[in-house]
Structure formats: structure tokens, C-alpha cells
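**Student:** Quick one: sequence plus predicted model below, questions after.
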Amino acid sequence: MDLLIASLPLLGGGVWITLQLAVLAAMVATVLGLAIAFAQLFGGLVLRIVAEAYLYIARGVPLLVLLFAMYYALPYAGIMVEPMSGGVLVIGLYFAAFMADVFRGAMLAVAQGQWEAGRAIGLRTPTILVDIVLPQALRVAGPPYVNTLIMLVKGTSLVSVIGLSDVTFVGRQIIERTLAPFEIFGAVAAVYFVICFALSRCGAYLERRASFVH
Amino acid sequence: MSSEITLIGRIAPVLAEGLYMTLELSVLAIVLSALWAIPVVLTLISPRRPLALVARAYIEVVRNTPVLVQMYFIFFGSSILGYRLTGFVAGLIALTLQNGAYIAEIYRAGIQSVSQRQTESGLAIGLTPREAFWVIVFPQALRKVVPSLANQGVVIIKDTSLVATLSVAELTFEARLLVDRTAAVYEIFLTLALLYMVITGVFSGLMRLVERRLRIVQ
């Protein structure tokens, strides 16, 4: 217990890094995910091929490999990236692929008749999209979006491997000095649990709300 | 050209060993997760509420914490307890615990999607509830969830890379060593990424074949 209290300041610093990473990467993933989904649904041939290739890579290559590649390859090419921005970028880019699946699925889940109805009353495509289809799609997207966010929060733990002092990294450092793995990794796991469980409750709430529609 | 050939000669055998380790860990983790999920889902849907709550708590805890932290917990924890597990075993346990929880939820969705009438018909022809579940409901549930299982399998294959942090000489670990030794950063990481894409691609393809064979024609 004393050990845990003594470790609190260090762990707290790690939690702060983890939270920053998660929030920033989630923003990157959301924006880019939307862009990819739109490219897939409405883009021309080239855009669609680029989007598919992107998704194919993100689905097939582990996040850890991408982080290592960024960590080793960019400096080698003379590009210096701060670990924090590098981490945000790679995690954001990686989860954007999963976000794209979420958004695309949600858009496709809106019945085709909604588009036709919009056209029948003389609305233009952007208006139909923004006023009719997107509001319905966002309802459907809520629960899987939250699931992807949870994956992303858990995924941030991998940055510990490239030397960013997030809560997992700090935990591992404390272990090397104190040899109290259960207490420390228990505490580290608890941090993730609090964040992810809160998110998953939000997801459950969104799911209940979305299901009222049908 | 000759320097490229020497490079390939140096890289290929090391990566091949890593590849073997990654495949071994992937197969074991996928099979064990799919098996471990069976008792978990049985507990989860059991009519005894306390038992079902235990399964629910287990699922929530492992699904809401990173598999990397679980690996560290098991790896460093086991050595404090005096049963020092190898990185391979600790990684395998963590992967099984994590993905077993996800697969249990997949099974549950499958079981619930099998019509109640299937069970009733089974009971009507004189099967016990247990027989009706194992002979009629569960096989149909399994057939329905093949695509979800395939997705989870891909997640497992990708997550085997995490045992590199426990110094297990699998693909990612070997690639990193090679980068340190040869400085052929781009070649090695490209090869590494391609290898994972091939493994996950072949796995997904196989699972699609299985899915097609087992599809229930409604």
C-alpha cells in the first residue's frame, strides 16, 4: 500500500500522457475515419482504391509494427518526430481504418429509400446527406464507435514500447525497481479499466437509445 | 546487387525463425481462445445468477484493460510467485484470457440467434436439455459466428507481436534485432509488414472457405 502511495506521482504523470494520447489520437482517428468512409462511399475510382489499400494495410499489420516502423524509419530518413506526436499520428492513422468501417457501415445501414424520399421532395444531395442520412447514421454508429474508442485507449499502451512514458511505461519502470508487479500492474490496469468501462457504459446507453428508433 | 543478395541471405533465415514462432503462437492462441471461450459462455448464460455474474465480471475486466498490461502482469507476476513463466507462455495465457472473453461474447450472440424452436423441437423428440444444446443449438451457433471468429483470429495474429516486448523471438522481435544489426530499416519493416499481411490474408481466406462450406441455407 505504501508502495502504491509512493508511486502515485509517477503513475499520475503516466496517466496524463495516456489521456493526452488517447484524446488526440481519437480526434485524428475520427476525422480521418470519416474522410475514408466518405472516400469509399462517394469517391471516384482512384480515391476508392486508395481508401481500400489503406484499410487493407491497417487491417493486416499490427499496431506495434507500425509504431516501430515510425520510430526507426522516420529518423533514418532524416525526419525527426517527437515521440508524442509520432504516437498520436500512428495510433490515429491505425484506428482511423476501424473508424472508417464503423462510419461506412452506419451510412449503409440507412435505408436507400431515405435518399429516394429526399430526392423526391426536391432536396439536393448534400442536403439529403447532412439533414436526413447523417443524423440517422450517427445513431447507428454510436455503439460501434465507442467500441473502437475502447480499442484505441487500450492500444495507446503500446507506445510504452517506443519510449513514451505513458502509464504502462511508468508501471514497467517502477517494477524494475520495486519488484511488486501485482500492485503496480493492478493499478495500471485499473486506470485503463476506469476509462474503458466508463466508455463502454456510454456505449450501452447509446445502444439503448438507438434501439428505440426501430 | 551482390550486397542486396547478402542482405537477403542475412535477413531471410532470421525472419524465417521468427515467422515460425509467430505462426506457432498464433495457432495456439486462436485454438486455446476458442476453446476457453466455451466454458466462459456456458457460465455466462447459465441460469445460476452468481455464476453468470462471475463470468460477466471476468469479461468486463479483461476487455477493458490492454492485453499488453495483462502480459506484464502475468509475466512479472509469475516470477515473483516463483513459477517463472517464459515470455511465450505468459503471452499465450494473456492472449487466451483476452480473446477468450471476446469470443465468449461472439458465441453468446450466436447461441441467442438460434431460434428457441430448435431447442423445443429437440425436447419434443425426447432429447434432454443438455443434449438439445450440444447436438442442436451449439453447432448451429458455431456455424453462424464463423465470420466474427475469423475477425477475432486476425486480431489474435496481430496481437502476437506484443510478446516481442517479453523478448520472445517472434517475427517483430527478430525484425527489430535485424534493424539494429543491418540498418536496412525500410527493407526489413516492409518485409515485416508484408509478412503479417500475408499471414492474416491467408487466415482470412481459409476462414472464408470454412464459412462457405458451413453456411446454413435459410
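**Tutor:** Structure's in. What do you need?
**Student:** Quick check: residues of chain B near chain A?
**Tutor:** B:60-61, B:63-70, B:72-73, B:76-77, B:79-80, B:154, B:158-162, B:164-165, B:172, B:175-176, B:179, B:183, B:185-186, B:189, B:192-193, B:196-197, B:200-201 (CB under 8 Å from any CB of the partner chain). From N, CA and C alone the C-beta is placed, and that goes for glycine too.
**Student:** filter those residues to the buried ones?
**Tutor:** Among those, the ones that count as buried by 16 or more other CB atoms under 10 Å in any protein chain shown are B:61, B:63-70, B:72-73, B:76-77, B:154, B:158-162, B:164-165, B:172, B:175-176, B:179, B:185, B:189, B:192-193, B:196, B:200.
**Student:** Among those, which are located in helices?
**Tutor:** B:61, B:63, B:67-70, B:72-73, B:76-77, B:154, B:158-159, B:172, B:175-176, B:179, B:185, B:189, B:192-193, B:196, B:200 (DSSP state H).
**Student:** Go ahead and list the helix or strand containing residue 53.
**Tutor:** In the absence of a named chain, chain A is used. Using DSSP states H and E, residue A:53 sits within helix A:45-60.
**Student:** wait, chain B
**Tutor:** Take DSSP H and E as the rule and residue B:53 turns out to sit in helix B:49-63.
**Student:** Show me what that helix packs onto, helices and strands only.
**Tutor:** When contacts are defined as 3 or more CB pairs under 8 Å, 6 or more residues apart in numbering or on different chains; DSSP states H and E, helix B:49-63 sits against helix A:181-211, helix B:2-44, helix B:87-113.
**Student:** and residue A:154, which of those is closest to it?
**Tutor:** Among the helices and strands packed on helix B:49-63, helix A:181-211 comes nearest to residue A:154, with 6.4 Å by CB to CB.
**Student:** which helices and strands does that closest one pack with?
**Tutor:** Other helices and strands packing on helix A:181-211, by 3+ CB pairs under 8 Å, 6+ apart, are helix A:2-42, helix A:134-155, helix A:167-178, helix B:49-63, helix B:67-81.
**Student:** re earlier: which residues does the helix or strand following the helix holding residue A:53 contact?
**Tutor:** On the C-terminal side of helix A:45-60, the closest following helix or strand by DSSP H and E is helix A:63-76. Contacting residues not belonging to helix A:63-76 are listed as A:80-81, A:83, A:86-87, A:89-91, A:93-94, A:155, A:158-159, A:161-163, B:158, B:161-162, B:164, B:172, B:175-176, B:179, B:183, B:185-186, B:189, B:192-193, B:196 [CB atoms under 8 Å, 6 or more residues apart in numbering or on different chains].
**Student:** Check stretch B:188-201 too.
**Tutor:** With CB under 8 Å, 6+ apart as the test, stretch B:188-201 has contacts from A:56-57, A:59-62, A:65-66, A:68-69, A:72-73, B:11, B:15, B:19, B:22-23, B:26, B:154, B:157-158, B:161, B:171-172, B:175, B:178-179, B:182.
**Student:** In PyMOL, how would I select the buried members of those?
**Tutor:** Buried subset of the contacts of stretch B:188-201, written as a PyMOL selection, criterion 16+ other CB under 10 Å:
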select buried, (chain A and resi 57+59+60+61+62+65+66+68+69+72+73) or (chain B and resi 11+15+19+22+26+154+157+158+161+171+172+175+178+179)
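**Student:** residues from chain A in reach of chain B?
**Tutor:** A:56-57, A:59-66, A:68-69, A:72-73, A:76, A:150, A:154-155, A:157-158, A:160-161, A:168, A:171-172, A:175, A:179-182, A:185-186, A:188-189, A:192-193, A:196-197, A:200.
**Student:** switch to 7 Å and redo it
**Tutor:** Where proximity means CB under 7 Å from any CB of the partner chain, the interface of chain A facing chain B comprises A:59-62, A:64-65, A:68-69, A:72-73, A:76, A:150, A:154, A:157-158, A:161, A:168, A:172, A:175, A:179, A:181-182, A:185, A:188-189, A:192-193, A:196-197, A:200.
**Student:** out of the residues you listed, which are buried?
**Tutor:** Taking 16+ other CB under 10 Å as the criterion, what is buried in these is A:59-62, A:64-65, A:68-69, A:72-73, A:150, A:154, A:157-158, A:161, A:168, A:172, A:175, A:181, A:185, A:188-189, A:192-193, A:196-197, A:200.
**Student:** Can you point out the buried residues in the helix holding residue B:53?
**Tutor:** Judged by neighbour count (16+ other CB under 10 Å), helix B:49-63 contains these buried residues: B:55, B:58, B:59, B:61, B:62, B:63.
**Student:** likewise stretch A:154-167?
**Tutor:** Quick answer for stretch A:154-167 (16+ other CB under 10 Å): A:154-162, A:164-167.
**Student:** start to end distance for that stretch?
**Tutor:** 11 Å (CA to CA, to the nearest Å).
**Student:** just to revisit the earlier point, mind putting the buried residues of helix B:49-63 into a markdown table with pLDDT and distance to residue A:20?
**Tutor:** Converted to a markdown table, these look like this (pLDDT from 0 to 100; distance: CB to CB, whole Å):
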| residue | pLDDT | distance to residue A:20 |
| --- | --- | --- |
| B:55 | 94 | 35 |
| B:58 | 96 | 30 |
| B:59 | 95 | 29 |
| B:61 | 94 | 25 |
| B:62 | 94 | 25 |
| B:63 | 93 | 23 |
